[in-house]
Structures are given as C-alpha cells and as structure tokens.
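> structure for the following, please:
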Amino acid sequence: KFSTYLKAWRYTLDADGSMFIQKNELFRAVKELSWQGDVRLLWKGLDKDGSGITPLQELDLKSAEQLAKFRQQCFEKFGSMEEFFKAIDVYKKNKITRAEFLQQCKRHGFTRVDKALVHGLDWQGRNMLTIDDFKFLESWRCPRYLTCKANPQAAQEYKEDLLRKYPSYLTAWRQLLDRDGSNVVAWDEFESAAQRIDFEGDLAGAWRCFDADVSGSISLRELDPVSSEILEEFKNWADEEFGGVRAAFEILDEDKSGGFTHREFVKMLRSYGFRGDCKALFATLSGGGQDSVTLHDIAFLDLWDDEEDSSEDEQKPEKQEQVAPKKPPKISQRLHELARTKRSRLPLLAETSKSTLQSGWTATTNLSKPLMLKSVYGSLPGLKAFRAISNHTESDFGATSFFFHELPRTTLRKMRVQAIKDEILCEDEISEDVQ
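Residues are numbered from 1 along each chain as shown. Below you'll find the predicted structure:
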C-alpha cells in the first residue's frame, strides 16, 4: 500500500514525527488500516526489548540506516536541516520537486540518496518537498550505531573490560547487561553498561559487531557463544524432561539443601540422563569461582524464550498455501507379503516358559529359540551386541534373555517400534511392482 517502510512509518504510524511509536499509536494505526491480525502479538514482535516504545530501526533497519546517513551528511555539510534546504532550493520557491532534490543531492556529493528515500520524505504524495518535510530530522535522536560500521577490535576491547570487573561473561551478562533476565539487550542497556565499565572505545562499532544479524538487539549467544550453547542445551533438556529449569532443580535436589556442590551436580545430572558436559555447565553457572550452584544461579533460564520457536513463528505465514499431497512412502517387499498372508499368532507363554526366559535357556524348554525371539515382524536387530552385558551367559540367547529381563518395558517397546519402522522404510528391499 505504501511501497516503502519509511512512507508507511510517516504516513500512518509516527503521526507526531517523534521517530518512535507506543502501543496505543500502533493500535490506532492498525484500526485505520483495517488490519485483522493479532495486534498484541504484532506489538510483542516489534518491541523486542520490552522498552514500551518502537523506533524505526526496530521496524526496518535498512530504512533507518539510510535516513540516518542522509541526516548525518546534512549536518556535516550544512550544520542544520534548514541550511541544507536553503542550499538545495536554488530558485527560492520554498519548495523543490523530487527530481530537483535528487539532482541537488548528487551535486553536493550525497550518498545513498535514491527514489525510495524521496518517496518516504514526500509521504503526502505531493511530488514536491518543503522545509516541513525535513524538520523531524532536527529532533531525531539518531542512535550512533546507525551511521557506523562493525569494529571487531572495539568488540574485543569491550569484552576485555567486562572481564576486568566480572569473573565471567555470564556474570557480567546477568548483573550488568541483562538485568531483567530476558536474554535480550537493547542499545540503551549496552550503552549504559559501557559507562559502568569505563569503556572508551568505539562503542557503536562494537555494537554493530555483536549485532551481526542486525536485529536491533543482542543476546548472550552473540557475546559468549560457548556459554550460551552450554546453557541452551541444559535448558532444552530440562524443559523436555521436567517442564522447566525450576522444576528440574526441585527434582534433582533430593536432599532439599537448596544447592549442589560440583560432585553432587555432576552425579545427579548423569543419573537423570543429561548427555551434555556437566562439568562445563557447573563452571558456567557458578561463574568459575563459586563452589556450589543454587536455584538463583539457574532459574533465570526459564525466562529465556526459545529462539528457534520464535523464528519459526515469525516465518510462519498467516494463511498457509495449499500443498499438494505427498506420495505415500514406498513399502518393503517383506511387509507387502506380510499384509497379504494370514499368519497365526504366537501362543501365549505359560508360567514355566516365563520363568525359563528369566533364568536362561534350557534344553528342556518346549518352545524353540526362533519361536520365542521372533514375531510376525521379524527378529530384533543387534541383540548379539549385548552379549557382554552378563558374564555368566554362555550363549547368544542367554545374553538376549538377560538383556530383556533387565530392560524396562518402555525401552523394549521403543526397540520394537524402531525395528518395525526400519522394516517398513527399508530402501534396499523395495519391490519394483509396489509404488
């Protein structure tokens, strides 16, 4: 409808020219546009840092960068927007056409001035510009990072200054940068933290280096990817197994002491099936200096949003396009034969047979070895690999029966389901006549 984000911003969103909008302004604009989507969810997506306001750069960073660059050149060359307009208004008509604006900007050596910028400045569609169309740039508090380039050296100096005052990046992140625990730090928070650590380098260049994806905010992953990966792995495991980090802590803390020593922490995580690096996780949570981990050191992870889920939600369209139905999967020849052939069920095991399975194979058993180990779907693969589990077994069947006796029922069911899936989707035995 508006062709460019800048025109949409000036025409319907930022009516007062303050270069930022609040929630009520967004709700009013959405109502005028008769948009039928979820306005609250839209606001949550725009106000990522939770500041209560949304500037242009959070809506469209490229448009904000272009406008900021134009403003910077005007002040560097002429000192103010009023003097700039006087310089390009060569005919003293107090107005200038779009074509004349582009021509004069090119004559004065301006860069990144194109039709998209003119389209946003002439938001009323009059095909001309006046001094009133530039006044909003006088009062715009343009962030410095919009007019600079990434500076890796400044970013490294910023990290070094953090470690001078804090024992680890995570400690600095929680106590200085991300005080609300959201795992999202905006420019204002980043700038305030720089003042506290007495950083005197290129702050804007350091910010652009950290904010490599130009999202307008940074997370722990962009400051310390190693610690972030360790914490995210633990958080995902706790969410899946216990429903949250706080719930996981309460279950793992069996003695209700309110904390874990290094040995207790590693032991409990391994006993509950955590496959990550327990020692590295303890060192990250404890900041490298504490000898214990408490609920306060770990509960903040529940406030982190799942970045993968949020990115999937952003990419999900409002109305999904109709997708052509997929072709049914190919079926193996064996399963095709089993579907056509009627086979009798296996007889139920008697109590004597069950005790035989639990004690081991004997020569007096009435059931044969293939009959007990096979079903209509075939034998379980890889049972000979478990022969070393029991030292007192003397045969493959003995190792197999001992293995079945020790495993829980849920694990056996999972093994059987996986064996059936492998049988169904076997690519090596596809029948040519079955499509």
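> pLDDT averaged over the helix or strand containing residue 75 - what is it?
Mapping residue 75 onto the secondary structure by DSSP states H and E places it in helix 61-78. Mean per-residue pLDDT for helix 61-78: 92.
> can you name the element that comes right after that helix?
The C-terminal neighbour of helix 61-78 among helices and strands, as given by DSSP H and E, is helix 81-88.
> C-terminal to that next one, what's the next element?
Later in the chain than helix 81-88, the nearest helix or strand by DSSP H and E is strand 96-97.
> residue ranges of the strands in the stretch 151-300 of the chain, please?
Per DSSP state E, counting those that start in this stretch, the stretch 151-300 of the chain carries strands over the ranges 259-261, 292-294.
> for these, give me CSV that also has mean neighbour count and mean pLDDT.
C-beta here means a position set from N, CA and C on the backbone, and glycine is covered the same way. Listed next are the strands of the stretch 151-300 of the chain as CSV, based on neighbours: other Cβ atoms under 10 Å; pLDDT from 0 to 100:
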stretch, mean neighbour count, mean pLDDT
strand 259-261, 19, 89
strand 292-294, 18, 88
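> residue 9 is nearest to which of those?
Go through these one by one with Cβ to Cβ and the one that ends up closest to residue 9 is strand 292-294, at 46.5 Å.
> re the thing from before, need the strands of the stretch 151-300 of the chain in TSV with distance to residue 186, can you?
Supplementary listing: the strands of the stretch 151-300 of the chain in TSV, determined by distance: least, Cβ to Cβ, whole Å:
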stretch	distance to residue 186
strand 259-261	33
strand 292-294	29
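> re the thing from before, what residues does the helix holding residue 75 touch?
4-6, 9, 55-57, 80-81, 84, 87, 108-113, 116-117, 120, 134, 137, 140, 142-143, 146-147, 214, 216 (Cβ atoms under 8 Å, 6 or more residues apart in numbering).
> for the stretch 51-200 of the chain, give me the ranges with low pLDDT.
By pLDDT under 70, the stretch 51-200 of the chain contains no weakly predicted segment.
> tell me the domain ranges of this structure?
1-142, 149-223, 225-303, 333-424 (automatic domain parsing).
> got the buried residues for the helix holding residue 75?
Within helix 61-78, the residues that count as buried by 16 or more other Cβ atoms under 10 Å are 61, 63-71, 73-74, 78.
> what's the ChimeraX syntax to select whichever of the contacts of helix 61-78 are buried?
To isolate the buried subset of the contacts of helix 61-78 in ChimeraX, counting by 16+ other Cβ under 10 Å, use the following:
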select :4,5,6,9,55,56,57,81,84,110,113,116,117,120,134,137,140,142,143,146,216
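> in helices only, show me the contacts of helix 61-78.
When helices are assigned by DSSP state H, the members of these inside them are 5, 6, 56, 57, 81, 84, 87, 116, 117, 120, 137.
> can I get these in a markdown table with distance to residue 206?
Supplementary listing: those in a markdown table, determined by distance: Cβ to Cβ, whole Å:
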| residue | distance to residue 206 |
| --- | --- |
| 5 | 27 |
| 6 | 27 |
| 56 | 22 |
| 57 | 17 |
| 81 | 29 |
| 84 | 31 |
| 87 | 35 |
| 116 | 29 |
| 117 | 28 |
| 120 | 29 |
| 137 | 26 |
